[in-house]
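In: Below: sequence and its predicted model.
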Amino acid sequence: MSFTLAKTERLAAILAQAPVIPVLTFDDAASGVATAKALRDGGLPVLEVTLRTPKSLEALQAIVSEVEGVTIGAGTVLETEHVQAAIQAGAEFLVSPGVSSRLIAAGSEAPVPFLPGVATASEAMQLAERGANFAKFFPAGPAGGPAYLKALLAPLPNLHFVPTGGVDLANAPSYLALKNVVSVGGSWVAPADLIARGDWAGITALAREASKLKAR
Ligand SMILES: O=C(O)C(=O)C[C@H](O)[C@H](O)COP(=O)(O)O
């Protein structure tokens, strides 16, 4: 199993594109396409489509084939089968909320970069031991917030995090100010009610605000 240099560099390049990665859940492909365009137009081109609904893979595939200028990852990757299905649908990176030993093996061997989730120092050490340089910190707020990540910097200086879970426009700067944070993830830029209403201009406005946040 390997987090290769090539995939690590690819992941670094993806995460450097924007300070915020919208975490998205879709019930149909059409709203996925419209939301992706709205977020891109607001300056957030890197998107995580969660595999939580029956239509999520269809939505991911539709975004990949119909929306220019975005980089799509699959989120809520929990099992080996999700890894294969997401890649077949066109996912350019994979994100999980946590890891099992089977998922670390499948994710790190995948042809696209894998951003595994961790919430503790021990989990972070297990990833570092396998050569990972990036992890999602989930659920960021409940797990200890910026103070927890700041404390991990001294013992694990080579691991960089994407805090997600309870992150919003107000608290994102305190995460983004940390040396070991590259970007944050969150659903606040594409809330379910705006997607349901088809308020694409509203989503673009939220994205525009978020895209101005400064990553280090
Ligand atoms: O589905 C996954 O893979 C997850 O890890 C969960 C998501 O990242 C959070 O649900 C986003 O958190 P909020 O921004 O607080 O809504």
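Out: That came through fine.
In: Can you name the residues of this protein that neighbour the ligand?
Out: Contact residues (C-beta under 6 Å from any ligand atom) of the chain with the ligand: 23, 50, 75-76, 95, 97, 117, 138, 164-167, 185-188. Where you see a C-beta, it was placed from the backbone N, CA and C, and this is true even at glycine.
In: Which of the residues you listed sits closest to residue 56?
Out: residue 50 (6.3 Å; C-beta to C-beta).
In: and that closest one, how many neighbours?
Out: 20 (other C-beta atoms under 10 Å).
In: Could you list everything it pairs with in the sheet?
Out: Note on residue 50: beta-bridge partners by DSSP bridges are residue 75.
In: what sits against it?
Out: 23, 24, 25, 56, 74, 75, 76 (C-beta atoms under 8 Å, 6 or more residues apart in numbering).
In: And the pLDDT for it?
Out: With respect to pLDDT, residue 50 scores 98.
In: before we move on, the earlier item: could you pick out the buried ones from the contacts of residue 50?
Out: Listed as buried from the contacts of residue 50 are 23, 24, 25, 56, 74, 75, 76; burial here means 16 or more other C-beta atoms under 10 Å.
In: Could you export those as CSV, including pLDDT?
Out: Shown next, in CSV, are the buried ones among the contacts of residue 50 (pLDDT from 0 to 100):
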residue, pLDDT
23, 98
24, 98
25, 97
56, 98
74, 98
75, 98
76, 98
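In: Just name the closest of these to residue 203, please.
Out: Set against residue 203, the nearest of those by C-beta to C-beta is residue 24 (10.0 Å).
In: List the beta-bridge partners for the closest one.
Out: When assigned by DSSP bridges, residue 24 has beta-bridge partners residue 49.
In: Pull out the buried positions in the particular helix or strand that has residue 14 in it.
Out: In this assignment (DSSP states H and E), residue 14 forms part of helix 5-15. Across helix 5-15, burial judged by 16+ other C-beta under 10 Å covers 7, 8, 10, 11, 14, 15.
In: what's the closest non-adjacent residue to the last one?
Out: Right, residue 15. residue 182 (4.7 Å; C-beta to C-beta, 6 or more residues apart in numbering).
In: hang on, the earlier thing: out of the buried ones among the contacts of residue 50, which is nearest to residue 173?
Out: Nearest to residue 173, judged by C-beta to C-beta, of the buried ones among the contacts of residue 50 is residue 23 at 18.4 Å.
In: shouldn't the closest one be in contact with residue 75?
Out: Yes: contact criterion C-beta atoms under 8 Å: residue 23 and residue 75 qualify, at 5.9 Å.
In: Overlap in contacts, those two.
Out: 48, 50.
In: re earlier: would JSON lines of the buried residues of helix 5-15 with pLDDT be doable?
Out: Listed next are the buried residues of helix 5-15 as JSON lines, based on pLDDT from 0 to 100:
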{"residue": "7", "pLDDT": "96"}
{"residue": "8", "pLDDT": "96"}
{"residue": "10", "pLDDT": "97"}
{"residue": "11", "pLDDT": "98"}
{"residue": "14", "pLDDT": "98"}
{"residue": "15", "pLDDT": "97"}
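In: What is the most widely separated pair among these?
Out: 7 and 15 (12.4 Å).
In: Near residue 89, how many residues? Count them for me, please.
Out: 21.
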